[in-house]
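[1] Next comes the sequence, and after it the predicted model I'd like to discuss.
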Amino acid sequence: MIEKTFNLSKGNEKAVEKVIFDENIHYLHMVFNENEGLPEHYSNSNVYMTVIRGVLSIALDEQEAHEYSYNTLLKIPEGTKMNVKNLHKETLEIIVVKAPAPKA
(Lines give C-alpha, C1' and ligand atoms only; values in the text may rest on other atoms or scores of the structure.)
Protein backbone atom coordinates (compact mmCIF):
# COMPACT_ATOMS: atom_id res chain seq x y z
CA MET A 1 0.00 0.00 0.00
CA ILE A 2 1.51 3.29 -1.09
CA GLU A 3 -0.81 5.62 0.82
CA LYS A 4 -0.88 6.07 4.55
CA THR A 5 -4.25 6.66 6.20
CA PHE A 6 -5.13 8.60 9.34
CA ASN A 7 -8.33 8.61 11.37
CA LEU A 8 -9.68 11.71 13.07
CA SER A 9 -11.57 11.49 16.32
CA LYS A 10 -15.36 11.68 16.20
CA GLY A 11 -17.67 13.24 18.71
CA ASN A 12 -17.86 16.34 20.85
CA GLU A 13 -15.09 15.78 23.40
CA LYS A 14 -12.31 18.38 23.49
CA ALA A 15 -9.45 17.24 21.27
CA VAL A 16 -6.21 18.60 19.85
CA GLU A 17 -4.90 15.85 17.60
CA LYS A 18 -1.55 16.02 15.86
CA VAL A 19 -2.59 13.96 12.84
CA ILE A 20 0.49 14.57 10.67
CA PHE A 21 3.65 16.15 12.08
CA ASP A 22 6.44 15.76 9.55
CA GLU A 23 9.07 17.90 7.79
CA ASN A 24 6.51 19.08 5.20
CA ILE A 25 3.38 20.06 7.13
CA HIS A 26 1.71 19.94 10.48
CA TYR A 27 -1.93 18.83 10.17
CA LEU A 28 -4.04 19.14 13.31
CA HIS A 29 -7.65 18.30 14.10
CA MET A 30 -9.25 20.25 16.97
CA VAL A 31 -12.60 20.06 18.73
CA PHE A 32 -13.70 22.63 21.32
CA ASN A 33 -16.89 22.97 23.32
CA GLU A 34 -18.33 26.26 24.58
CA ASN A 35 -15.70 28.52 26.22
CA GLU A 36 -12.82 26.21 25.24
CA GLY A 37 -9.94 27.04 22.92
CA LEU A 38 -6.20 27.46 22.68
CA PRO A 39 -3.93 29.59 24.86
CA GLU A 40 -3.04 32.88 23.21
CA HIS A 41 0.10 32.36 21.14
CA TYR A 42 2.01 33.50 18.05
CA SER A 43 1.82 31.43 14.87
CA ASN A 44 5.12 29.68 14.17
CA SER A 45 4.36 29.14 10.46
CA ASN A 46 1.72 30.06 7.90
CA VAL A 47 -1.55 28.72 9.30
CA TYR A 48 -4.49 27.52 7.22
CA MET A 49 -7.55 26.99 9.43
CA THR A 50 -10.75 25.40 8.16
CA VAL A 51 -13.97 25.51 10.19
CA ILE A 52 -15.64 22.10 9.81
CA ARG A 53 -18.56 22.77 12.17
CA GLY A 54 -19.62 25.40 14.65
CA VAL A 55 -18.48 29.02 14.87
CA LEU A 56 -14.83 30.03 15.37
CA SER A 57 -14.14 33.17 17.40
CA ILE A 58 -10.60 34.35 16.67
CA ALA A 59 -8.71 37.52 17.57
CA LEU A 60 -5.58 38.18 15.53
CA ASP A 61 -2.86 40.59 16.67
CA GLU A 62 -4.67 43.62 18.14
CA GLN A 63 -7.92 43.23 16.18
CA GLU A 64 -11.21 42.54 17.88
CA ALA A 65 -12.40 38.95 17.61
CA HIS A 66 -14.08 37.95 14.36
CA GLU A 67 -16.40 35.00 13.94
CA TYR A 68 -16.33 32.44 11.14
CA SER A 69 -18.81 29.65 10.52
CA TYR A 70 -18.42 26.22 8.93
CA ASN A 71 -16.92 25.91 5.44
CA THR A 72 -14.68 28.95 6.01
CA LEU A 73 -10.93 28.77 5.39
CA LEU A 74 -8.63 31.32 7.02
CA LYS A 75 -5.03 32.02 5.96
CA ILE A 76 -3.00 33.48 8.83
CA PRO A 77 0.60 34.66 8.31
CA GLU A 78 3.53 33.46 10.41
CA GLY A 79 4.21 35.59 13.50
CA THR A 80 0.56 36.58 14.06
CA LYS A 81 -0.77 36.66 17.63
CA MET A 82 -3.73 34.28 17.79
CA ASN A 83 -6.52 33.85 20.32
CA VAL A 84 -8.71 30.90 19.23
CA LYS A 85 -11.98 30.24 21.10
CA ASN A 86 -15.42 28.69 20.86
CA LEU A 87 -17.82 31.19 22.42
CA HIS A 88 -20.97 29.37 21.28
CA LYS A 89 -23.01 26.41 22.52
CA GLU A 90 -22.48 24.38 19.34
CA THR A 91 -19.28 22.31 19.23
CA LEU A 92 -16.46 23.86 17.17
CA GLU A 93 -14.38 21.59 14.96
CA ILE A 94 -11.43 22.90 12.94
CA ILE A 95 -8.59 21.59 10.80
CA VAL A 96 -5.29 23.45 11.13
CA VAL A 97 -2.51 23.08 8.58
CA LYS A 98 0.89 24.68 9.17
CA ALA A 99 2.96 24.97 6.02
CA PRO A 100 5.83 24.89 5.76
CA ALA A 101 6.21 22.80 8.90
CA PRO A 102 7.69 24.87 11.74
CA LYS A 103 11.41 24.29 12.22
CA ALA A 104 11.35 24.38 16.03
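    Everything's here; your move. Treat the numbers as computed from the prediction; the structure is a model and nothing was measured. Numbering: from 1, shown residues only.

[2] If you drop the residues flanking it in sequence, what lies closest to Ile20?
    With sequence-adjacent residues excluded and distances taken as CB to CB, 6 or more residues apart in numbering, Ile20 is closest to Tyr27, at 4.0 Å. No exception for glycine: its C-beta is placed from N, CA and C like everyone else's.

[3] Show me what the one you found bridges to in the sheet.
    Ile20, Val97 (DSSP bridges).

[4] Report the contact partners of it.
    Tyr27 is in contact with Val19, Ile20, Phe21, Ile95, Val96, Val97, counting by CB atoms under 8 Å, 6 or more residues apart in numbering.

[5] and if you look at His66?
    Residues counted as contacts of His66 (CB under 8 Å, 6+ apart) are Ser57, Ile58, Ala59, Leu60.

[6] Now for the residue nearest to the last one when sequence neighbours are not counted: which residues touch it?
    Closest residue to Leu60 apart from its sequence neighbours, by CB to CB, 6+ apart: Thr80 at 5.4 Å. For Thr80, the set of contacting residues under the criterion of CB under 8 Å, 6+ apart consists of Tyr42, Ser43, Val47, Leu60, Asp61.

[7] Isn't the second one up against Gly79?
    Read that as Ser43. Yes - using CB atoms under 8 Å, Ser43 is in contact with Gly79, at 6.4 Å.
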